[in-house]
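Enquirer: need a structure here:
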Amino acid sequence: MTNHHPTSPTWTCGGCGADWPCGPGRRKLLAEYRDARVALALYLAAQLVTAGRDLARLPAGQLHHRFLGWTR
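Expert: Residues are numbered from 1 along each chain as shown. Now for the predicted structure:
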């Protein structure tokens, strides 16, 4: 089984190399937090803050969309 977790400081997927959270990682997170969507948003918000330090060159809106925009 492929491990779709972030690698720091690039915030790419350790399993497929795409920007994290990647497609398979998103599906895994949605399944894992199926009954706890607020907890998923809080987890991803914490990851966003940490990633923001490493990826400071990227616009904040782009990071927000990448980490939280897909959770609706």
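Enquirer: all strands for the chain, in order.
Expert: 6-7, 12-13 (DSSP state E).
Enquirer: tell me the contacts of residue 5?
Expert: 13, 14, 15, 20, 25 (CB atoms under 8 Å, 6 or more residues apart in numbering). To be clear about C-beta, it is placed using only N, CA and C from the backbone, and glycine gets the same treatment.
Enquirer: one step back: so can I have TSV of the strands of the chain showing distance to residue 39?
Expert: Listed next are these as TSV, based on distance: least, CB to CB, whole Å:
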stretch	distance to residue 39
strand 6-7	18
strand 12-13	21
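Enquirer: residue 7 contacts residue 16, correct?
Expert: No. Under the criterion of CB atoms under 8 Å, residue 7 is not in contact with residue 16, lying 11.1 Å apart.
Enquirer: quick one: the helices in the chain?
Expert: Assigned by DSSP state H, the chain shows helices spanning 23-32, 37-54, 60-67.
Enquirer: quick one: closest of the ones you listed to residue 3.
Expert: Smallest distance to residue 3 across the helices of the chain (CB to CB): 9.3 Å, for helix 23-32.
Enquirer: give me the average confidence score over the closest one.
Expert: The pLDDT scores in helix 23-32 average 96.
Enquirer: buried residues in that helix?
Expert: For helix 23-32, the neighbour count (16 or more other CB atoms under 10 Å) marks 25, 28, 29 as buried.
Enquirer: try stretch 61-72
Expert: 63, 66, 67, 68, 71.
Enquirer: what is the lowest-pLDDT residue among those residues?
Expert: For those, the pLDDT minimum is residue 71, 90.
Enquirer: what count of nearby residues applies to the residue nearest to that residue when sequence neighbours are not counted?
Expert: Nearest residue to residue 71 in three dimensions, chain neighbours excluded: residue 41, at 5.7 Å (CB to CB, 6 or more residues apart in numbering). Neighbour count of residue 41, defined by other CB atoms under 10 Å: 15.
Enquirer: in contact with the residue nearest the centre of the chain, which residues?
Expert: In the chain, the residue lying closest to the centroid (CA atoms, centre = their mean) is residue 21, at 3.5 Å. Residue 21 is in contact with 4, 6, 13, 29, 44, 66, 67, 70, counting by CB under 8 Å, 6+ apart.
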